[in-house]
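S.K.: sequence and predicted structure are below.
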Amino acid sequence: MSRTLYMSVVEKPHPQAAILQSDKSTTPVMKGNADVNLACGACQVVLAQGLTVEWFANQFQTPFQLLLRCPKCAAYNRLPATLGP
């Protein structure tokens with residue numbers, strides 16, 4: 001059985017934030033094989049099905065924020081990432 005984690009919502013993204021977003025309104029935006037779902041902290045729709053916070057931290061490097069924009073409510077959800085140049 002999968003567990004669902006709700007991401008924290010960022011009101012105003014940092015000007016240099018890395019933003020992941022889909023050009024489609026379908027969800028989930030991303031899929032993997034883990035037993036964790038990451039959901040929008042505002043509207044609670046699953047945005048990343050089967051992907052862990054550790055996976056995101058290992059896959060993405062950004063100088064400030066890594067955000068996933070919800071295609072349903074347009075909220076910016078914070079994802080973990082390795083901070084770097």
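M.R.: Thanks, I have the structure now. Numbers count the residues shown, from 1 in each chain.
S.K.: C-alpha only now, for contacts and for neighbours.
M.R.: Noted.
S.K.: is it true that Cys40 touches Tyr6?
M.R.: Yes. With contacts counted by Cα atoms under 8 Å, Cys40 reaches Tyr6, the gap being 5.9 Å.
S.K.: can you list the strands that the lowest-mean-pLDDT helix or strand in the chain pairs with?
M.R.: Between all helices and strands in the chain, the lowest mean by mean pLDDT, DSSP states H and E belongs to strand 82-83, at a mean of 70. If you go by DSSP bridges, strand 82-83 pairs up with strand 61-62 (parallel).
S.K.: helices or strands next to the next helix or strand after the partner strand in the packing?
M.R.: Downstream of strand 61-62, the next assigned helix or strand under DSSP states H and E is strand 66-69. Strand 66-69 is packed against strand 18-20, strand 76-79, with contacts defined by 3 or more Cα pairs under 8 Å, 6 or more residues apart in numbering; DSSP states H and E.
S.K.: winner for burial among the ones you listed?
M.R.: Among these, strand 76-79 has the highest mean neighbour count (mean count of other Cα atoms under 10 Å), at a mean of 23.
S.K.: comparing Cys40 and Tyr6, which residue is more hemmed in?
M.R.: Cys40 (26 against 18; other Cα atoms under 10 Å).
S.K.: and stretch 34-50, what's its mean pLDDT?
M.R.: Here stretch 34-50 scores 95 as its mean pLDDT.
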